[in-house]
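K.L.:
using only what follows, build the 3D model:
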Amino acid sequence: TTGFPKGVMLTFENMYANMKAVAEAKYYFDGIRVLVMLPFHHILPLMGTLVMPLFVGGKLVFPKSLSPADLSGVMQKHPVDMVISVPRFYELLHTNIMAKINHSKILKSIFNLAKLVNSRKFSEKLFSSIHKKFGGEIKFWISGGAALDRKVWADLDVLGFGLREGYGMTECAPIIAFPRIGRIKIGSPGEPLPGVQIRIVEGEIAVRGGNVTQGYYNRPEETKEAIRNGWLYTGDLGYVENGYLFITGRRKEIIVLPNGKNINPAEMETQIAAQSHDVLEVGVLMYENILQAIVRVKPELVARLGDEGAAEYIRNNAILPYNRSTATYKRIIRIAITTDDLPRTRVGKLKRYHLAAYLENISKKSPLPPQPEPKSQTYAELKDANLDARHPRRAYGNGLGAGLSRQDFDTKLRQGKLRRGRGRARLRKILHAAQVRRIRRKKPRRVLRAADQKHHMVGHHKQRAAARFEKAAFLPFRDYFDFQNAL
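P.N.:
The predicted structure follows:
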């Protein structure tokens with residue numbers, strides 16, 4: 001699903017072997033009610049939400065659509081025991097719930113209490129109002145199709161969601177490993193199913209069992225490459241610890257840098273997305289011999305700041321913090337901003353082989369118009385005086401508008417004050433006061449002290465060099481003064 005399409009030949013024997021193994025795990029029982037959310041042309045929903053429930057005498061519940069209202073409505077009217085979906089669904093669920101919790105001190109305290117108690121039954125009672133929106137009878141929330149973020153998993157576990165993550169692939173009809181009831185480790189898809197063997201060969205997961213495919217349709221060479229001596233080489237990287245399988249990445253997705261270093265783009269994408277709530281999706285790729293990131297942001301961010309402003313905001317609030325916290329060879333050099341969804345399969349996997357073309361399409365699009373400039377006389381005078389605050393080299397330099405944004409001009413300075421203080425000294429005093437307030441709000445205290453000591457500034461040419469170097473290479477210094485002092 002993440003590469004070019006291949007036909008996987010699955011026999012009834014393959015599928016029946018997987019059905020028997022899943023049945024032994026005791027998740028499916030007579031009369032189980034399963035919500036159908038995913039299309040049947042993928043093997044996971046085909047087996048998990050159609051074949052298995054019918055195999056044990058269960059029921060299927062179909063929502064009218066995947067909108068939150070329809071999902072909640074159908075589960076309240078027809079309660080279900082199991083929900084099978086992809087990580088994207090759980091990420092959206094987590095985002096919506098945690099946003100409400102983080103905006104209330106009381107809810108945040110209750111959440112911390114549930115984390116301390118660490119009991120699912122206690123959490124279900126504590127957050128019963130949330131669970132009632134989903135019918136209040138769900139026993140198993142199951143994630144598959146791609147790796148589930150550990151923080152999302154851990155937070156939903158605190159909220160009382162009995163979340164499980166499995167591991168499988170179409171070639172194995174599809175389940176390879178799944179957590180046993182009562183033996184769950186966050187971050188692990190569990191232990192191999194009965195009748196399935198797993199071994200690690202040079203970091204790659206290899207599988208053998210009755211559920212393994214006969215090969216790829218009309219692809220004999222690819223079949224020989226994937227199936228060797230009865231073992232299917234999955235292409236996934238991982239390890240086994242105390243019987244539990246852990247997935248670390250996909251061999252074909254690993255980016256090999258010119259210096260020979262290997263990097264896992266999925267790890268980088270998760271870390272970048274965690275830096276800012278305005279980041280919705282990230283796709284990392286090697287393009288034009290440099291590491292680049294395609295970042296999907298909220299449309300309102302671009303509407304407010306424009307394309308260039310949104311890119312600068314993401315660079316400062318997501319890319320730079322990530323670059324400062326990671327190894328040098330993993331740093332992102334260039335970014336592209338979009339408000340459109342990144343190319344994904346129907347079950348939510350990122351189509352990495354489409355990212356280069358997607359990046360090229362972004363560069364061809366005409367940029368969105370930025371927010372109109374304020375019409376105040378104050379802003380016009382400051383602009384004419386070349387006091388543009390967007391250049392980092394003027395943040396603590398000779399410019400009177402040091403570090404101020406357009407919003408600062410509109411809200412911090414009033415035209416009356418400017419008219420009363422016609423002199424240059426008066427204007428300097430007003431701007432400096434607004435600058436100090438802004439620094440106190442956004443900068444570390446150490447930077448504030450340096451900004452207040454205006455007489456301890458470095459030369460203008462060093463400031464320009466620092467700003468140019470920082471913007472181009474995303475150096476991991478906490479602020480511009482570090483680099484200026486280094487010079």
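K.L.:
quick one, what contacts residue 174?
P.N.:
Applying C-beta atoms under 8 Å, 6 or more residues apart in numbering to residue 174 gives the contacts 18, 43-44, 47, 168. For every residue, glycine as well, the C-beta is placed using N, CA and C.
K.L.:
so which of the residues you listed wins on neighbours?
P.N.:
residue 18 (28 neighbours; other C-beta atoms under 10 Å).
K.L.:
return the subset of the contacts of residue 174 lying in helices.
P.N.:
Using DSSP state H, the members of these that fall in helices are 18, 43-44.
K.L.:
which of those residues lies closest to residue 35?
P.N.:
In terms of C-beta to C-beta, no member of these lies closer to residue 35 than residue 44, at 13.8 Å.
K.L.:
pretty sure that closest one is touching residue 172, no?
P.N.:
No. The pair residue 44 and residue 172 fails to qualify as a contact (C-beta atoms under 8 Å) at a distance of 10.8 Å.
K.L.:
sorry, back to before: could the contacts of residue 174 go into CSV alongside distance to residue 360?
P.N.:
CSV is the format used below for the contacts of residue 174 (distance: C-beta to C-beta, whole Å):
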residue, distance to residue 360
18, 41
43, 32
44, 32
47, 38
168, 34
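K.L.:
farthest pair in these?
P.N.:
Maximum distance among those (C-beta to C-beta): 10.9 Å, for 18 and 44.
K.L.:
now do the contacts for residue 242.
P.N.:
Contacts for residue 242 (C-beta under 8 Å, 6+ apart) come out as none.
K.L.:
for it, what are phi and psi?
P.N.:
Here is the backbone geometry of residue 242 (degrees, to the nearest 10): phi 50, psi 40.
K.L.:
how close does it get to residue 191?
P.N.:
Distance of residue 242 to residue 191, computed by C-beta to C-beta, to the nearest Å: 10 Å.
K.L.:
do the same with residue 136
P.N.:
Look at residue 136 and residue 191: by C-beta to C-beta, they are 30 Å apart.
K.L.:
nearest spatial neighbour of residue 154, skipping sequence neighbours?
P.N.:
Nearest in space to residue 154, with sequence neighbours left out and distances taken as C-beta to C-beta, 6 or more residues apart in numbering, is residue 186 at 5.5 Å.
K.L.:
if you could redo that for residue 88, that was the one I meant.
P.N.:
Excluding its sequence neighbours, the residue lying closest to residue 88 (C-beta to C-beta, 6+ apart) is residue 348, at 4.4 Å.
K.L.:
next, count neighbours for the one you found.
P.N.:
The number of residues packed near residue 348 is 18, by other C-beta under 10 Å.
K.L.:
from residue 39, how far off is it?
P.N.:
Residue 348 sits 12 Å away from residue 39, going by C-beta to C-beta.
K.L.:
quick check, the residue nearest to residue 154 in contact with residue 151.
P.N.:
No. Under the criterion of C-beta under 8 Å, residue 186 is not in contact with residue 151, lying 9.5 Å apart.
K.L.:
pLDDT score assigned to residue 331?
P.N.:
Residue 331 carries a pLDDT value of 93.
K.L.:
so what's residue 198 up against?
P.N.:
Counting by C-beta under 8 Å, 6+ apart, residue 198 touches 176-177, 192, 205-207, 240, 245.
K.L.:
the nearest residue to residue 326 once chain neighbours are set aside sits in which helix or strand?
P.N.:
Nearest residue to residue 326 in three dimensions, chain neighbours excluded: residue 271, at 7.1 Å (C-beta to C-beta, 6+ apart). Secondary structure from DSSP states H and E places residue 271 in helix 265-273.
K.L.:
distance-wise, check the closest residue to residue 29 other than its chain neighbours relative to residue 27.
P.N.:
Spatial nearest neighbour of residue 29, excluding adjacent residues (C-beta to C-beta, 6+ apart): residue 56 at 6.2 Å. In this view, residue 56 and residue 27 are 10 Å apart by C-beta to C-beta.
K.L.:
go on, residue 186?
P.N.:
In this view, residue 186 and residue 27 are 18 Å apart by C-beta to C-beta.
K.L.:
name the residue in those two with the higher neighbour count.
P.N.:
The neighbour count for residue 186 versus residue 27, taken as other C-beta under 10 Å, is higher for residue 27 (22 against 14).
K.L.:
for the closest residue to that one other than its chain neighbours, list the residues it contacts.
P.N.:
Counting by C-beta to C-beta, 6+ apart, residue 140 is the residue found nearest to residue 27 once chain neighbours are left out, at 6.0 Å. Neighbouring residues of residue 140 by C-beta under 8 Å, 6+ apart: 27, 81-83, 162, 164.
K.L.:
rerun at 10 Å
P.N.:
27-28, 32, 34, 80-84, 161-164, 181 (C-beta atoms under 10 Å, 6 or more residues apart in numbering).
K.L.:
pretty sure residue 93 sits in a strand.
P.N.:
No. Counting by DSSP: H, G, I helix; E, B strand; the rest coil, residue 93 is located in no strand; its state is helix.
K.L.:
quick check: phi and psi on the residue nearest to it when sequence neighbours are not counted?
P.N.:
Counting by C-beta to C-beta, 6+ apart, residue 93 lies nearest to residue 156, which is 7.2 Å off, once chain neighbours are set aside. When quoted as degrees, to the nearest 10, the phi and psi of residue 156 stand at phi -70, psi -30.
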